[in-house]
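**Q** A predicted structure for the sequence below; I have some questions about it.
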Amino acid sequence: MQARRFISCTTLVLAAACAGHQADPNPSPSDDDLVLQVDNHNWADVLIYILHDGRQTRFIEVTGAKSVAQPIPPELVSADGTIRLLAHRIGGRDDYLSPPVSVRNGKTIALTLEGQLHMSTVGVW
């Protein structure tokens, strides 16, 4: 009886300890990260792709009328230090393709998505 109670208590302690050490699925950007800040003024959800080194990588999905900031991993930056952003409205036919943007760590890329995606803008600071 005491052995069963000991095993139950040990199981609870281990489960509580493991629950406290889960990785954060959306890490907060640090000052040294290259960050993509997206302000979605569109009513629809939008997929954001990063174009780099001749490849297109799906990066994030931004909910309609919401904003999100996400660090960009270094492997998604082209060898020449540039990226392009492609925004595609889910369920739509319109896209926005940014011009090449020169980037480096510690900077923020601001992508503002408008109701008509072709009217969207991108900037770096």
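**A** Received it, and whenever you're ready, just let me know what you need. Numbering: from 1, shown residues only.
**Q** can you give me every residue that contacts Lys66?
**A** Taking Cβ atoms under 8 Å, 6 or more residues apart in numbering, we find Lys66 in contact with Asn40. Just so you know, the C-beta spots here come from the backbone N, C-alpha and C atoms, and that holds for glycine as well.
**Q** let me fix that, I meant to ask about Thr112.
**A** Listed by Cβ under 8 Å, 6+ apart, the contact partners of Thr112 are 38-39, 41, 120-122.
**Q** let's have the residues you listed in a markdown table, adding secondary structure and pLDDT.
**A** Output for the contacts of Thr112, formatted as a markdown table (DSSP: H, G, I helix; E, B strand; the rest coil; pLDDT from 0 to 100):
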| residue | secondary structure | pLDDT |
| --- | --- | --- |
| Val38 | strand | 98 |
| Asp39 | strand | 98 |
| His41 | coil | 97 |
| Ser120 | coil | 98 |
| Thr121 | strand | 98 |
| Val122 | strand | 98 |
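**Q** what is the most widely separated pair among those?
**A** Largest separation among the contacts of Thr112 by Cβ to Cβ: His41 and Val122, giving 13.7 Å.
**Q** more neighbours: the two, which one.
**A** When His41 is set against Val122 and neighbours are counted by other Cβ atoms under 10 Å, the residue ahead is Val122, at 20 against 15.
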